[in-house]
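**Student:** sequence first, then the predicted structure:
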Amino acid sequence: MDAARALREIAFWLERAGAPTYRVRAFRRAAAVVDELPDLDERVRAGRLTELDGIGRTTAAVIDAAHRGRTPEYLARLRSEADVPEHGAQLRAALRGDCHTHSDWSDGGSPVVEMATTARDLGHEWVALTDHSPRLKVARGLSAQRLREQLEVVAELNRRLAPFRVLTGIEVDILADGSLDQEEELLAQLDVVVASAHSELRMPAAQMTRRLCAAVANPHVDVLGHCTGRLIGAKKRPQSTFDATAVFQACRDHGVAVEINSRPDRLDPPRELIRLARDTGCLFSIDSDAHAPGQLDWLAHGCARAEECGVTPEQVVNTRTAEELLARR
């Protein structure tokens, strides 16, 4: 087993489990040290790994075991403890990509290339990069200029990673009046536009209904992101109130997919709304909303909920190839 690969896999499983960022970074930092090490074999045999900056006792034990051809105990334990939902395996296997991910260009923790290669290694054919729009300053949302710069980075990355493809995109903020927080001309250039409300989530139901309906009527919007805005983890937040039937009818009529957000602290929308959207005739996008590589595997949670609610692969836009997805635009 390759030692650096073992360290990075540990970082992946830790992220997937929601471990503290400092712990994840310790293993990635150790992997980077191993990548540059010319005398790994000698150091393992001499027991001198911990003399290196960035290598502690735990990471040294992982390196030692992997370099000697054994599966490190730490890695074996994380693999065995991985939370795999009972349902949704068939739908998960049908997914070809992920329409909602973030990088360190906004509030994600990793470079675009790391997110892309992890998505590829998970079996994806494509992944959409959807960093935040400028109004969300707390998330370092991208100005129009920064987004244009990111498009150049993605173009170069696609040349390197082909046939895997990074789709250009944005998670654009839905403003209080239903307009979108980015230049229309720029939105028209993107492959995937996820529109989400991040502020004023407690506005009256009638006003929120008009806001969401106006957003999905925009011809550049492809996905309505985490539509209720709820949080169900340690930081609880109640869901927004709106006329769900009217909003889902607008999504159906404008060809906008309703997101089934897979983040364990969101799992948005609730099951009753997934069923309502299904009965309304909506398409869906099962997304990770990943902010780190290990979180890309959270798709299993969304697939389980979708399957429980009777959503079929044909109703999910990210079961399509990139070409089929873009043909919808």
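**Tutor:** Good, I have the coordinates.

**Student:** where along the stretch 101-250 of the chain do the helices fall?
**Tutor:** In the stretch 101-250 of the chain, the segments counted as helices under DSSP state H, counting those that start in this stretch are 112-121, 144-161, 184-187, 205-217, 244-254.

**Student:** would you turn these into TSV with distance to residue 24?
**Tutor:** (Glycine included, C-beta is placed from N, CA and C.) What follows is these, written out as TSV (distance: least, Cβ to Cβ, whole Å):
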stretch	distance to residue 24
helix 112-121	12
helix 144-161	23
helix 184-187	33
helix 205-217	34
helix 244-254	35
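
**Student:** so which of these gets nearest residue 273?
**Tutor:** helix 244-254 (5.5 Å; Cβ to Cβ).

**Student:** okay, the angle between that closest one and helix 205-217?
**Tutor:** 10 degrees (axes from the mean of the first three to the mean of the last three Cα atoms, to 10 degrees).

**Student:** show me what the helix or strand just after helix 244-254 is packed up against.
**Tutor:** Next in sequence after helix 244-254, counting helices and strands by DSSP states H and E, comes strand 257-261. Contacts defined by 3 or more Cβ pairs under 8 Å, 6 or more residues apart in numbering; DSSP states H and E place strand 257-261 against strand 223-224, helix 244-254, helix 271-280, strand 284-287, helix 299-308.

**Student:** can I get the ones you listed in a markdown table with mean pLDDT, mean neighbour count and distance to residue 70?
**Tutor:** Output for those, formatted as a markdown table (pLDDT from 0 to 100; neighbours: other Cβ atoms under 10 Å; distance: least, Cβ to Cβ, whole Å):
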| stretch | mean pLDDT | mean neighbour count | distance to residue 70 |
| --- | --- | --- | --- |
| strand 223-224 | 98 | 28 | 44 |
| helix 244-254 | 98 | 20 | 51 |
| helix 271-280 | 98 | 18 | 43 |
| strand 284-287 | 98 | 29 | 37 |
| helix 299-308 | 97 | 23 | 28 |
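
**Student:** can you list the residues that contact stretch 303-323?
**Tutor:** For stretch 303-323, contacts defined as Cβ atoms under 8 Å, 6 or more residues apart in numbering pick out 85-92, 94-99, 125-126, 165, 167, 191, 222-223, 257, 260, 262, 267, 271, 274-275, 278, 282-287, 325, 328.

**Student:** which of the residues you listed count as buried?
**Tutor:** Burial by neighbour count, judged by 16 or more other Cβ atoms under 10 Å, picks out 88, 91-92, 94-99, 125-126, 165, 167, 191, 222-223, 257, 260, 262, 267, 274, 278, 282-287, 325 from the contacts of stretch 303-323.

**Student:** you'd agree residue 226 is up against residue 259?
**Tutor:** Yes: Residue 226 lies in contact with residue 259 (Cβ atoms under 8 Å); the separation is 6.1 Å.

**Student:** those two: which has the busier surroundings?
**Tutor:** Ranked by neighbour count (other Cβ atoms under 10 Å), residue 226 and residue 259 place residue 259 first, with 29 against 26.

**Student:** ok, now which ones touch the more buried one?
**Tutor:** Per Cβ under 8 Å, 6+ apart, neighbours of residue 259: 99-100, 194, 223-227, 268, 284-287.

**Student:** could you rerun that using 6 Å?
**Tutor:** 223, 225, 285, 287 (Cβ atoms under 6 Å, 6 or more residues apart in numbering).

**Student:** how about residue 29?
**Tutor:** Contacts of residue 29 (Cβ under 6 Å, 6+ apart): residue 54.

**Student:** which pLDDT does the model give it?
**Tutor:** The score at residue 29 is 95. That number is its pLDDT.

**Student:** next: residue 84.
**Tutor:** 79.

**Student:** separation between the nearest residue in space to it that is not next to it in sequence and residue 322?
**Tutor:** With Cβ to Cβ, 6 or more residues apart in numbering as the criterion, residue 84 has its nearest non-adjacent residue at 6.5 Å, and that residue is residue 300. Using Cβ to Cβ, to the nearest Å, residue 300 is found at 22 Å from residue 322.
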